[in-house]
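Asks: structural data only, the sequence is not supplied:
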């Protein structure tokens, strides 16, 4: 009897130890960002506008991230990330439950990771973090209309993605977003609303560099289940770049940038070129040149300043070829109340030039009735 009891007790200890070991090999974490504030815009369709504002410095989100150790340096990984509006509680990204990110995959410490789901493209992964909008200037500080998607206005659905490990500061990756559609004629097919991208980055001490390319075919078209749908509408039209008002047949984005840190100061440069081919044969080219810098007056107090010149042109066999230009200055002060909470004040000034009909700060609520527009925003951000 005692032997039976001892065996049972030993079996229980072994089972508990095994359960503990299994638990130690897996983890799931909850994380998020809460960001809200106030925004003033000098001219929206001829009138001033003062509003509460959602997700200015960082998009509001909560997410679950997990991994399971499979042995040999390989893990199963997943991320589910929900976006929402903090001012009214509404879902973001086209009312998706997990509209910011949703993917599952395998990761290896030596060979990198392969994931499948709704994910960021390579331009976002390898270049966007160098922009002033991502560092301090908020979504209103993004390039005109976020035409280069460097503020990730849209994600890629149905995508399979490879991300390399870090090799002495160098990393690279690529993504392909399926149309999820067979070729059955009448504008449908495997290439209708698909996307692909490639990118790479290098970091060594104070120096950082990134490069990326994205190509999207017939986004937000008849194939609403394709790679890009739902959160793509309006990215290129509110900025009034040219006269084309038809849908996009093909979008190509090339972006690159670098930065260098000098003690408390950091200086960076971004270049992006977006080629748009519209349905019907018209087209547009938009180039952005951004110079930005930050300076830490103290470990808790950050100053940021940037200037972006946007040079665009349109082409058409039936419409006038136009050359709209934009000048934009972003300035910011950010103060850390703690490691997870900060307050910020940001000012954006944009001046339209050339053939541009009006200034249009990204996310400001609409274009100005004149060639200038100013936005001043302040907010509180908390990370958990």
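Replies: Now that the structure is in, tell me what you want to look at. No experiment lies behind these values; they were computed from the predicted model shown.
Asks: which parts of stretch 248-256 are buried?
Replies: 248, 249, 250, 251, 253, 254, 255, 256 (16 or more other C-beta atoms under 10 Å). C-betas here are computed from N, CA, C, even on glycine.
Asks: nearest to residue 133, of the residues you listed?
Replies: Set against residue 133, the nearest of the buried residues of stretch 248-256 by C-beta to C-beta is residue 255 (12.7 Å).
Asks: excluding chain neighbours, what is closest to the closest one?
Replies: Excluding the flanking residues, the one nearest residue 255 by C-beta to C-beta, 6 or more residues apart in numbering is residue 272, at 4.0 Å.
Asks: wait, residue 98 touches residue 118, no?
Replies: Yes: Residue 98 lies in contact with residue 118 (C-beta atoms under 8 Å); the separation is 7.3 Å.
Asks: neighbour count: the two, which is higher?
Replies: residue 118 (22 against 19; other C-beta atoms under 10 Å).
Asks: tell me how far the more buried one lies from residue 292.
Replies: Look at residue 118 and residue 292: by C-beta to C-beta, to the nearest Å, they are 29 Å apart.
Asks: cool, and residue 247?
Replies: 32 Å.
Asks: who touches residue 32 in this structure?
Replies: 60, 61, 62, 63, 383, 384 (C-beta atoms under 8 Å, 6 or more residues apart in numbering).
Asks: next step: the residues you listed restricted to helices.
Replies: Of those, none are assigned to helices by DSSP state H.
Asks: which one of those is nearest residue 70?
Replies: Nearest to residue 70 among those is residue 63, at 22.3 Å by C-beta to C-beta.
Asks: neighbours of the closest one, just the number please.
Replies: 18.
Asks: the one 10 residues further on too?
Replies: Summarising burial for residue 73: neighbours were counted as other C-beta under 10 Å, giving 12.
Asks: now it: phi and psi?
Replies: phi 80, psi 10 (degrees, to the nearest 10).
Asks: who's in contact with it?
Replies: Shown in contact with residue 73 (C-beta under 8 Å, 6+ apart): 108, 109, 110.
Asks: could you check how far the last one is from residue 27?
Replies: Noted for residue 110: a distance of 21 Å to residue 27, by C-beta to C-beta.
Asks: one more: the first one?
Replies: Per C-beta to C-beta, residue 108 is found 17 Å from residue 27.
Asks: ok, residue 195 - contacts?
Replies: Per C-beta under 8 Å, 6+ apart, neighbours of residue 195: 121, 156, 159, 175-177, 214-217, 219, 227-228.
Asks: pLDDT, secondary structure and distance to residue 84 added to the residues you listed, as a markdown table?
Replies: Converted to a markdown table, those look like this (pLDDT from 0 to 100; DSSP: H, G, I helix; E, B strand; the rest coil; distance: C-beta to C-beta, whole Å):
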| residue | pLDDT | secondary structure | distance to residue 84 |
| --- | --- | --- | --- |
| 121 | 98 | coil | 22 |
| 156 | 97 | strand | 21 |
| 159 | 98 | strand | 22 |
| 175 | 98 | strand | 25 |
| 176 | 98 | strand | 29 |
| 177 | 97 | strand | 24 |
| 214 | 98 | strand | 26 |
| 215 | 97 | strand | 30 |
| 216 | 94 | strand | 26 |
| 217 | 90 | strand | 30 |
| 219 | 84 | coil | 24 |
| 227 | 92 | coil | 23 |
| 228 | 91 | coil | 21 |
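Asks: since that was my last question, I'll sign off now.
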